[in-house]
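Undergrad: predicted coordinates and the sequence they were generated for:
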Amino acid sequence: MSGTTAIRAATLVTMTALAAACQPSGEDSAAPAGNWSAPPTASSAGRDPSVTASPLTAANTAAVCAAVDKLIVAKSRKIATDSAAATRRDLTPEQVNEQVKGHLADLADDVRGQAARAEDPEIKALITDTARRIDAGAKSATPVKWLSSTFVAIPPRLTRDCRA
């Protein structure tokens, strides 16, 4: 496989994975794909689900979750744009992988910053775990493959669990 063909294939996989990750699942109760072990939720941890967060904590959770969503969407678009541009710039697959790794490392740092803002301990744990998973993608030998196998499970999980 030539370098250009490999880059085009990597670009296609990246854009497909990112597009799939940002789509609503249509079914909130579906089990997430991939190997995701999230922190316990209110119902699974034995907490009384009828107890609601204070209005300030709920507002903080909404703000943190919205910020994380925006970060993931923005960085996904950047990765897709850069991957498409890589074919025009004749980047090697190694260069594309390094570029994706850098974007994922930046995203993990940004998500970790949002976790620090979270007041609800469960939301903080969920967002921290999300940052840890994105870090794993940044350290992966094949980050483009990681995007299509693991990253795609992150947005649906956040949509389901990141709320007050």
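TA: Nice, thanks for sending it over.

Undergrad: name the residues of the lengthiest helix in the chain that come out as buried.
TA: Taking DSSP state H as the criterion, the chain has its longest helix at helix 55-88. Buried residues in helix 55-88, counting neighbours by 16 or more other CB atoms under 10 Å, are found at 60-61, 64-65, 67-69, 71-72, 75-76, 79-80, 82-83, 86-87. To be clear about C-beta, it is placed using only N, CA and C from the backbone, and glycine gets the same treatment.

Undergrad: mean confidence for it?
TA: Here helix 55-88 scores 90 as its mean pLDDT.

Undergrad: so which elements touch it?
TA: Helices and strands touching helix 55-88, by 3 or more CB pairs under 8 Å, 6 or more residues apart in numbering; DSSP states H and E, are helix 3-21, helix 93-117, helix 121-139, helix 154-161.

Undergrad: considering those helices, which stretch scores lowest in mean pLDDT?
TA: Of all the helices and strands packed on helix 55-88, mean pLDDT reaches its minimum on helix 3-21 (a mean of 52).
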